[in-house]
Each structure stands twice: as C-alpha cells, then as structure tokens.
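Undergrad: Need the 3D shape of this:
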Amino acid sequence: TDDTKPKQKSGFMAGLAAPKIPDGERVDFDDIHRKRMEKDLIELQSLIEAHFEKRKKEEEELLNLTDRIEKRRSERAEQMKIRAERERERQNKLAVSTSRKRKEEQRSFLKITQTGAKRQTEREKKRKILNDRRKELNVDHLKEDKLRDKAKEMWEWMRQLEGEKFDLQFKFTKQKYEVNHTHMYIGNSPSVGPILGCGPKHKENMTERFMGTFSQTS
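TA: Numbering: from 1, shown residues only. Predicted coordinates for the structure are as follows:
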C-alpha cells in the first residue's frame, strides 16, 4: 500500500534527492559530499538573490526619498524667493511713500516759512510807512521859498491821503454790503443754512474773516 512506502520530506531543497546508500556495498562519500556542496551552493545563490533584491528595493526607496527631499527643497526655495520679492516690493513702496511724505512736509514747511516771511515783510513795510508819516515837520531853518514848496508838498500829500481814505471807506462799505447780503441769503434759505452750518457763530466768523481781509488790504 501507499502508506507503507516511505514519504519524501519536503523542504527548501525539494528537487534534490537524498544520497542513496547501496545495500551491501561500500558507501560513496564523494558523492555524498558533492551533493551536499550542490545543496549549499543552491542555498547560497538563493540568499545572494534575496540580498540583492532587498538591496535593490532599499535603493529604490532611497531614490524616492531623495527625490521627495529635493522637490521639497525646490518648493521651499521658490517660496523663499517669492517672499523675498514681495518684501522687496513692500520696502520699495514704503521708501517711496516715506520720501513723498517727507517732500510734502518740506514743501508745507517751506510754504509756511515763506508765508510768514511775506507777512513779516508786509508788516515791516506798513510800519515803515507809518513811521515815515509820523516824522516831525522841521521847518524852522527853511526860507520863504522853501516853506512854500514844503506847504505845497504837504497839501499834495494830504490830498493823496484823502483819496486813499475815500477808496478804503468805499471798499469797506462794499464788503459790508456783501457780508450783509450773504447773511440775508443764508438766513432766508432753509436748505442752505443747516448744510453750511451758518448759525450766529458762523455768521460772526464770516464777518471777522471779511474784516480781516479788509485790514490786510489796508
């Protein structure tokens, strides 16, 4: 029967038959040693193939990891470049804005300085004119003909002053009329008054403004 037959053990070297020892004959140790060497060689080759397969897989994983690291490094460098470019643009805009603001402040300061100097010059001119007009009239040392010339000069000067006085009074009367007319227009217009804020205080300020303009022109 099949059960009485010896079963061949299955293992790593299933295709390699065990050495057969002939009955009643001398054992061939060379054959046994050769087959054992063949078995060891096959096992060694299998180990080498498994080692190189594992090595190949590890190298592929290392290459993939290197590619991912390089890709990440490139993305990081691109992000840093974009960020640096944006920061450079921001700094340039800030520098332009600061320069423009500084120039505007310088122009404003220069304008204020020039306006102040101009007003100072105008005040000095008016003060000089008044001082010249208030000079003492020394005629004790003048002779008759010189006194006549001086009297004629004084008369011409007084006539000039009267003309200037008349012009200033006319100008003041005209401005006063315009102020009153403006007040009447604003007071009689309900749609304009609240928008412009033309209350009593505002009317007073307008009057003062016109009076200031008049005093400057005088």
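Undergrad: mind checking which helix or strand of this protein has the lowest mean pLDDT?
TA: helix 193-196 (a mean of 45; mean pLDDT, DSSP states H and E).
Undergrad: Give me the mean pLDDT for the host helix or strand of Leu110.
TA: Following DSSP states H and E, one finds Leu110 within helix 29-133. Per-region confidence: helix 29-133 scores 86 on mean pLDDT.
Undergrad: Can you name the element that comes right after that helix?
TA: Downstream of helix 29-133, the first helix or strand assigned by DSSP H and E is helix 144-187.
Undergrad: If you count contacts, what does that following helix end up packed against?
TA: Contact partners of helix 144-187 among helices and strands, from 3 or more C-beta pairs under 8 Å, 6 or more residues apart in numbering; DSSP states H and E: helix 193-196, helix 200-217. C-betas here are computed from N, CA, C, even on glycine.
Undergrad: and these, which one's lowest on average pLDDT?
TA: Least confident of these, judged by mean pLDDT, is helix 193-196 with a mean of 45.
Undergrad: Quick check: the gap between Lys176 and Gln169.
TA: Separation of Lys176 from Gln169 (C-beta to C-beta, to the nearest Å): 10 Å.
Undergrad: typo on my end, Asp149
TA: 31 Å.
Undergrad: Same check on Asn64?
TA: Taken as C-beta to C-beta, the span from Asn64 to Gln169 is 102 Å.
Undergrad: same question, Asp31
TA: For Asp31, the distance to Gln169 (C-beta to C-beta) stands at 151 Å.
Undergrad: Kindly report the same for Gln114.
TA: As judged by C-beta to C-beta, Gln114 and Gln169 stand 33 Å apart.
Undergrad: With Trp157 instead?
TA: Separation of Trp157 from Gln169 (C-beta to C-beta): 19 Å.
Undergrad: now swap in Glu61 and tell me
TA: Note on Glu61: its distance to Gln169, by C-beta to C-beta, is 106 Å.
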